[in-house]
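Undergrad: model the following, please.
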Amino acid sequence: MSRLHRENHLVERIGWLRAAVLGANDGIISTASLILGVASASASQSDVLLTGVAGLVAGAMSMAAGEYVSVSSQSDTEHADLAREKQELADDPVFEREELAQVYVARGVEAELAREVAKQLMAKDALGAHARDELGISEITTARPVQAALASAATFSVGAAAPLVLVLVSPSSALIPVVSAGSLLFLALLGAIGAKAGGAGLLKPTIRVTFWGAFAMALTAGIGAVFGKVV
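TA: Okay, the predicted model is just below:
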């Protein structure tokens, strides 16, 4: 018999992977779109760069605050549910054991065996068993506001830095095509990396990220060109 070993499941990456991909994707798209919109309005290269830097700082702070607030709300809900479940376990442990057993019965376990499983699990960690099997709260899915905020801010900054570098290295006459092409390349790379880290196929995520990035940049550049002529 082969020795038991701990398996590393891809689902364990969901929390940080979602925040990382979202942050980097938003950083590239929003900053590149902002740069292209301002550049299309005939702004100088220094003004375009300044706008991009401001977008990076504002976007990173916005991402951090947004992630922290939203994930904190999830965390508050989890804590409230756990507190209520803890009180219910103290008030009526027999009913709670039967309730947990019925969860297993619904999953296909025989009633008597389900009651025995519920009894043994609750003897070891009653609240943990109910949190995991009744409420769906586990170590993998537990909300971590600070981690999510820092990951989003950091990855947004990395993503936003990419089009800023393109502004620095491109001649002013070719700024728009260089930033457009380079940003789309970065988005395609990001889509492939995210798909690889998540264990998915490469083609569909890469096309999805690149398409929506191109759409956002084209729309913003068009608006910049129109308003640039009007102003």
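Undergrad: so residue 209 is in contact with residue 190, correct?
TA: Yes. Here residue 209 lies in contact with residue 190, judged by C-beta atoms under 8 Å, at a distance of 6.2 Å. Glycine gets a C-beta too; all of them are placed from N, C-alpha and C.
Undergrad: can you map out the helices along this protein?
TA: Along the chain, the segments classed as helices by DSSP state H run 14-40, 45-91, 93-106, 111-133, 145-169, 175-198, 203-230.
Undergrad: now do the fifth one against helix 203-230, angle only.
TA: Regarding helix 145-169 and helix 203-230, their directions subtend 60 degrees when assessed with axes from the mean of the first three to the mean of the last three C-alpha atoms, to 10 degrees.
Undergrad: what residues do residue 209 and residue 190 have in common as contacts?
TA: residue 25 (C-beta atoms under 8 Å, 6 or more residues apart in numbering).
Undergrad: where does the chain dip in pLDDT?
TA: For the chain, applying pLDDT under 70 flags the ranges 1-19, 138-143, 197-200, 228-231.
Undergrad: if you set the cut-off to 80 instead, what comes out?
TA: 1-22, 136-144, 148, 193-202, 205, 227-231 (pLDDT under 80).
Undergrad: check it for me, the residue farthest from its geometric middle.
TA: Of all residues in the chain, residue 112 has its C-alpha farthest from the mean position, at 41.6 Å, by C-alpha atoms, centre = their mean.
Undergrad: what distance do you get for that residue to residue 101?
TA: According to C-beta to C-beta, to the nearest Å, residue 112 and residue 101 sit 9 Å apart.
Undergrad: do residue 28 as well
TA: For residue 28, the distance to residue 101 - C-beta to C-beta - is 50 Å.
Undergrad: ok, the two, which is more surrounded?
TA: Applying other C-beta atoms under 10 Å to residue 28 and residue 101 shows that residue 28 carries more neighbours, namely 29 against 22.
Undergrad: is it true that that one touches residue 182?
TA: No. Counting by C-beta under 8 Å, residue 28 sits too far from residue 182 to count as a contact (9.7 Å).
Undergrad: joint contacts of the two?
TA: Common neighbours of residue 28 and residue 182 (C-beta under 8 Å, 6+ apart) are 162, 163.
Undergrad: and residue 225, what does it touch?
TA: So residue 225 contacts 40, 41 (C-beta under 8 Å, 6+ apart).
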